[in-house]
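Undergrad: The following comprises the amino acid sequence and a computationally predicted model.
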Amino acid sequence: MTLEHVILEMRSITKEFPGVKALSNVSLTVMAGEIHAICGENGAGKSTLMKVLSGVYPYGSYSGDIIFQGTEMRFKDIRSSEAAGIAIIHQELALIPELSITENIFLGNEPTRWGAIDWVGAKRTAYELLARVGLRDDPDTLIKNIGVGKQQLVEIAKALNKSVKVLILDEPTAALNEADSQHLLDLIRGLKGKGISSIMISHKLNEIEQIADSITIIRDGRAIETLDIAADGVNEDRIIRGMVGRSLESRFPDRTPKIGEVFFEVRDWTVQHPQVSERMVVKGSNLTVRTGEIVGIAGLMGAGRTELAMSIFGRSYGNFISGRIFKDGREIELRNVGEAIEHGLAYVSEDRKALGLNLLDDIKRSIVSAKLSKISAGPVVNDAKEYSIAEEYRKNLRIKTPNVDMGVSKLSGGNQQKVVLAKWMFTDPDILILDEPTRGIDVGAKYEIYGIIQALAAQGKGVILISSELPELLGLADRIYTIFEGAITDCIDGVDADPESLMKSMTSAKKKVRSI
Amino acid sequence: MSSNTAPIDTKKVEGRRSIFGSGKNNLRQFGILFSLIAIIVLFEILTDGLTLSPGNLINLVSQYSYILILAIGMVMVIIAGHIDLSVGSVAAFSGIVVATSMTEWNFPWPLAVLFGLLVGAVIGAWQGFWVAYIGVPAFIVTLAGMLIFRGGNQFFGNANTVPVPEGFTVIGAGYLPEVGPVTGYNNLTLLLGFAIAIAIAVREWRARRVQKTMHSEMTPLWASVLKIGVLDAVVIYATFLFAGGRVGTSFPVSGIILGVLVLFYSFVTRNTILGRHVYAVGGNKLAAELSGVNSRRVNFLVMMNMSILASLAGMIFVARAGASGPQDGLSWELDAIAAVFIGGAAVSGGIGTVIGSIVGGLVMAVLNNGLQLLGVGSDLVQIIKGLVLLVAVGVDVWNKSQGRPSIIGLLTRNRKVSDPPTPPPAVLPDSGTPASARPADRPTN
């Protein structure tokens, strides 16, 4: 081993958002020419840490020091971190589809000659950069005409053009297939040989095991440990233990489940990606729900959880390919959201603001919005009924607001989520699909929402709970399905489940589904 | 967020609060009403009392009623997140078809009116189809419609003027007839005015009863009395102006049509499922669809409705002018759109009210009329109208970006607070609740 030197050091980084401590006292040390992986559950603080490093959160909005190549850095935006030699490649690619590869590489950084853009020089440089990342496409090709894997490479070429020393990759292989992933990993390893360090956030533990030199595990906004792959003999199980190791006691209200018979069943559910016709986002999935049961769905981001839920809910995602739905022993067809609501389904979206609420509306109008017919005489909405129903939900769910005339945009995340829950409870559903119901919500409100979920199950409703937080699933669910790359990989009873076994099924397609 | 709170928080508690009511949006609307009054007073002074003379007022209503009718449809289109550039051309096309139906095909005029509405519905269905079911942006569809139906008007009428028969002109140039004893005033107009004054008082009284039964915040008695007093004074003053015009004139029939439409569409947008769905689609289309709203149907109906109202406006204009011509309805779409935005609608959709748009349209109308009375040339009138539109919306946008309510809103704020008091008692039950809901693990966090 050569004498390594530290290229980057983040010391005691603490970053707070209103009401939430996203990072607390996190330190990270990256050697020159090292591939450093950062692991943690969704929401652990990985992305926040990288945003601090890349200047998305400017100096002054966090506390702690960033030492880069021996000097303390105070980045005020992405540009200043890029100028220093730190480039970040986001999960959602920041390329413009209608522009060519060359134009994208030089966007915001156009080489000029006599005041005009020097396209000849730019193209020549683009050729060289593409060669370095192993891409043989014509630099005039439009971005929209190349696949996601190649787009990822263009992003890296763009970073190389800025003479990057530390490359941050946020879930670089999440959207890639096997071959493209391998190519990308090889490239990252090649860059390492040229002295470029990479910081890689990834959920795919096998990739990390294969490529990383060291791993920092972050949990609940704290750096738990840093492992040296070669020295510590790290394997996937070891990483998982670090990621999920936290106690679960008393974070959930007590509950004695009263579970009945299977009354809702989805069989052989297959859904095609709305744009990419060869990609199946959900593949032959089966699931059952019993009355009074809370059924968990565990899967990593992009595994197809939301796609599964939304496609069941009146085909509101993707193109329906095949599958049958049975409820109360009869086959039902849900061709649109209206029919799904009619048949007693409710879907609480993971994206409260974009899909769950009209932020221009007030509380009472939001609560009744999914079943206006219930409070209407013919076409006319009964305002008095609306008001009293909204009041009822405000009291029962403890929505903290002076009155129900308040705009939902003024509520906190937890209270907004209660409004969304009220909106769907108002439709009298038998099956509630809750997609990340506690995302972005503080602990107190989470507890209350857990209580609401349990109360709904106690009324004999079936609840399908999708969550990225394993403790949440383990604490609430009676049975947990794991999903990986669109397919259900396992079904584990809540009492038997533990984080390690779940994480294993969430990251590989090995097991066969047991049916109940 | 303003506009849909308007119809909401006010509606059940009392109808009238939607005009003066609570909420940020209503501040904005109240501000515009305030500006309207200021403009009227200004021109009344500048024109030495000509602005509020019976003759001018009657003229104002019959001259701008069709623009205001367009504004009603336009605000719904804009709330849903679209725009309609074709209304002037659609009005012109329907006008010439209706005129031809009477002169060439000898349709009796009531049948011709129904026929005109049908033409509007067919045109609207055509445009709605492209917008809602093919997904072409309304801007493009109606830009095409603007060309198609302008050309259609000239093709159909050979670019000639087609006169309309006497009976038909009632809807555009008619007035409430003289009936009953000679009082020196138009009796029907007086009756209408008094009926409105009484209706205002009754609504307020009923609103107070509703407040009482629902144990919601009570408007103080003096505030109710003041509201009724002020509004009724305005209504009765206007009534005598309209009733006291030149013999043979009184409140225009087109004004009555407008009034009925305003009441009807205010009700539709505020109190019906369809109205809710229009706001929902404009406010957040994805969330609306995930709540079971058929956004295509909403878009289709909104576009169709606009063209029906455009046809009606075209017919009223033709009736007033006595003939349909190739230049009818030129740039009406711009007047209607301006009225809607001055009236507080948001370009991004989801926000706007019928009443607000009517007040916005009246601001433009009074401005236009007052400047004409002053002898200002049409060149300057256009410049001034353009500036007013820009400044009115600009002030509001700028204020919003600063996180403040609009300036006019600030002026009226004190009034707001004292007027419909929003008492805090509702907070109390909440603050005492948490006992059972407290997380058991509080200390650990």
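TA: Perfect, I can see it now.

Undergrad: so A:Phe326 touches A:Asp268, yeah?
TA: No - in this structure, A:Phe326 is not within contact of A:Asp268 by CB atoms under 8 Å, at 11.5 Å. C-beta coordinates here come from the backbone N, C-alpha and C atoms, glycine included.

Undergrad: More neighbours: those two, which one.
TA: For A:Phe326 and A:Asp268, the more surrounded residue by other CB atoms under 10 Å in any protein chain shown is A:Phe326, and the numbers stand at 15 against 12.

Undergrad: what's the spacing between the more buried one and chain B?
TA: 22 Å (CB to the nearest CB, to the nearest Å).

Undergrad: Identify the residue spatially nearest to that residue, adjacent ones excluded.
TA: A:Glu265 (4.4 Å; CB to CB, 6 or more residues apart in numbering or on different chains).

Undergrad: Where does residue 102 sit, in terms of helix or strand?
TA: Assuming you mean chain A. Assigned by DSSP states H and E, A:Thr102 belongs to helix A:101-105.

Undergrad: please go with chain B instead
TA: helix B:87-103.

Undergrad: just checking, what packs against that helix?
TA: helix B:54-79, helix B:109-128, helix B:138-156, strand B:162-163, helix B:295-321, strand B:323-324, helix B:332-342 (3 or more CB pairs under 8 Å, 6 or more residues apart in numbering or on different chains; DSSP states H and E).

Undergrad: hmm, 6 Å instead?
TA: helix B:109-128, helix B:138-156, strand B:162-163, helix B:295-321, strand B:323-324, helix B:332-342 (3 or more CB pairs under 6 Å, 6 or more residues apart in numbering or on different chains; DSSP states H and E).

Undergrad: Out of these, which gets nearest to chain A?
TA: Ranking those by proximity to chain A (CB to the nearest CB) places helix B:295-321 first, at 10.3 Å.

Undergrad: Return the angle between stretch directions for the closest one and helix B:332-342.
TA: Relative orientation of helix B:295-321 versus helix B:332-342 (axes from the mean of the first three to the mean of the last three CA atoms, to 10 degrees): 120 degrees.

Undergrad: what helices or strands is helix B:295-321 leaning on?
TA: With contacts defined as 3+ CB pairs under 6 Å, 6+ apart, helix B:295-321 has these neighbours: helix B:54-79, helix B:87-103, helix B:109-128, helix B:170-173, helix B:273-283, helix B:285-290.

Undergrad: how deep is A:Pro139 tucked in, by neighbour count?
TA: Per other CB under 10 Å, the neighbour tally for A:Pro139 reads 21.

Undergrad: Spell out the secondary structure type for it.
TA: Three-state assignment for A:Pro139 (DSSP: H, G, I helix; E, B strand; the rest coil): coil.

Undergrad: That one: what's it in contact with?
TA: Applying CB atoms under 6 Å, 6 or more residues apart in numbering or on different chains, we find A:Pro139 in contact with A:101-102, A:123, A:126.

Undergrad: Can you tell me the SS state at the closest residue in space to B:Asn284 that isn't next to it in sequence?
TA: Closest residue to B:Asn284 in three dimensions, ignoring its sequence neighbours and counting by CB to CB, 6+ apart: A:Asn358, at 4.2 Å. Three-state assignment for A:Asn358 (three-state DSSP): coil.

Undergrad: For A:Asn358, list the residues it contacts.
TA: A:Asn358 makes contact with B:280, B:283-284, B:287, according to CB under 6 Å, 6+ apart.

Undergrad: From those residues, pick the one nearest B:Ile257.
TA: Using CB to CB, B:Ala280 comes nearest to B:Ile257 of these, at 29.4 Å.

Undergrad: Skip the chain neighbours and tell me the closest residue to that closest one.
TA: B:Ala288 (3.9 Å).

Undergrad: B:Tyr279 is in contact with the one you found, correct?
TA: No - using CB atoms under 6 Å, B:Ala288 is not in contact with B:Tyr279; the gap is 8.9 Å.

Undergrad: Of the two, give the one with the bigger neighbour count.
TA: Each of B:Ala288 and B:Tyr279 has its neighbours counted (other CB under 10 Å); B:Tyr279 has more, 29 against 26.

Undergrad: Okay, the more buried one and B:Ala346: tell me how far apart.
TA: 11 Å (CB to CB, to the nearest Å).

Undergrad: What of A:Trp114?
TA: Counting by CB to CB, the gap from A:Trp114 to B:Ala346 is 45 Å.

Undergrad: and those two? which has more neighbours close in?
TA: In this view A:Trp114 and B:Ala346 are compared by other CB under 10 Å, and B:Ala346 has more residues nearby, 23 against 5.
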